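Participant: Provided below for reference: sequence and predicted model.
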Amino acid sequence: MTTTTATQATGPAEQGPAPAAAPRKARPRGRRGPAAALASHVVLSVAGLIALFPIAWLVYLSLGPDKDDYLHPERIWGKMTLDNYTFVLRKTNFFDWLQSSLIVSLGTTVIGVLVAASTGYAVSRMRFPGYRKMMWVLLLTQMFPIAVLIVPMYQILSGLQLVDSYLGLILVYCSTAVPYCAWLLKGYFDTIPFEIDEAGRVDGLTPFGTFFRLILPLARPGLAVAAFYSFITAFGEVAFASTFMLSDTKYTFAVGLQSFVSEHDAQRNLMAATAVLIAIPVSAFFYLVQKNLVTGLTAGGTKG
């Protein structure tokens, strides 16, 4: 007897389980979404325009031929001229002001940074009696307003016969720049490993040799920030320069600008043109040190 096996249809073939949905890719830490990136770009663009507007406005006013054009700036567009720049360069003591400003600013930068670097390194590496108090004393010197300091400083410079001299003004500016730069560089030197000093001593270097040959090259970003601060402090200061410099040919730019303002008149078009020309050396100095500015400003706050 034969047995037949009947194959019964059991419906559609059974299918495997549905594939699970791919997991959503997590955004890497620190990466912003599209909306946040767009918002940050918009905010930065607006901030950049706000920062550039005063500069653009100053350049625009400097092209107006009349001293009262700032009252009606819409009239400047149809009569722009470079006569203001020609007048400033040819008929004023502009180049004397430039020479004085560069001598004072660069002198303050060199002397101030050297003294501040030596002070900051000594406090960072050496433990002598009163080293902490010395740094606080340097900080306290920044509390006194200029109006209080002018009279005693004038008496000191007069006794040393340094009134109306570049050296006297440089020393005055160093008294302002050195305390801040010493604190700045002290914090930066704290981030440099002590092993470098020990390696210098093993190689037979004196403390000064270690400082100049090993530490200063590593502290270049911090030195750039200190140099920029010292340069700007000396380049744009008015009160000390107008008090201690008596000769017209020794005026700095900040004091020379006052020659365009009298009791009854103000040649604002010439002031604007001079201000634009003044910005050129500062911009050039900033360009030279800008690579190290960001590193120097942030590194000094990581230790000490």
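Facilitator: Thanks, I have it. Residues are numbered from 1 along each chain as shown.

Participant: Which parts of the stretch 201-304 of the chain are helices?
Facilitator: 207-210, 216-218, 220-235, 239-244, 253-256, 268-299 (DSSP state H, counting those that start in this stretch).

Participant: now the strands for the protein?
Facilitator: Under the criterion DSSP state E, the chain contains no strands.

Participant: for it, which spans come out with low pLDDT?
Facilitator: For the chain, the stretches with pLDDT under 70 are 1-32, 263, 292-304.

Participant: For the nearest residue to Thr141 once chain neighbours are set aside, grab the count of nearby residues.
Facilitator: Spatial nearest neighbour of Thr141, chain neighbours left out: Pro179 (5.3 Å); criterion: Cβ to Cβ, 6 or more residues apart in numbering. No exception for glycine: its C-beta is placed from N, CA and C like everyone else's. Around Pro179 there are 20 other residues, counting by other Cβ atoms under 10 Å.

Participant: Distance of Pro179 relative to Ala266?
Facilitator: 36 Å (Cβ to Cβ, to the nearest Å).

Participant: Ala37 and Val46, how far apart?
Facilitator: The value you get for Ala37 to Val46, if Cβ to Cβ is used, is 15 Å.

Participant: before we move on, back to that, wait, which of the helices of the stretch 201-304 of the chain is closest to Gly78?
Facilitator: helix 268-299 (15.4 Å; Cβ to Cβ).

Participant: just checking, Ala239 touches Leu149?
Facilitator: No. Contact criterion Cβ atoms under 8 Å: Ala239 and Leu149 do not qualify, at 9.1 Å.

Participant: wait, what's in contact with Phe286?
Facilitator: With contacts defined as Cβ atoms under 8 Å, 6 or more residues apart in numbering, Phe286 is in contact with Phe228.

Participant: quick one: it from Tyr60, how far?
Facilitator: 22 Å.

Participant: ok, now Phe240?
Facilitator: Counting by Cβ to Cβ - Phe240 and Tyr60 are separated by 32 Å.

Participant: between the two, who's got more neighbours?
Facilitator: Phe240 (25 against 16).

Participant: Gly84: what's it in contact with?
Facilitator: Heads up, residue 84 is Asn, not Gly. Ser62, Leu63, Gly64, Pro65, Asn269, Leu270, Ala272, Ala273.

Participant: neighbour-wise, which of those leads?
Facilitator: Busiest of these [other Cβ under 10 Å] is Ala273, holding 28 neighbours.
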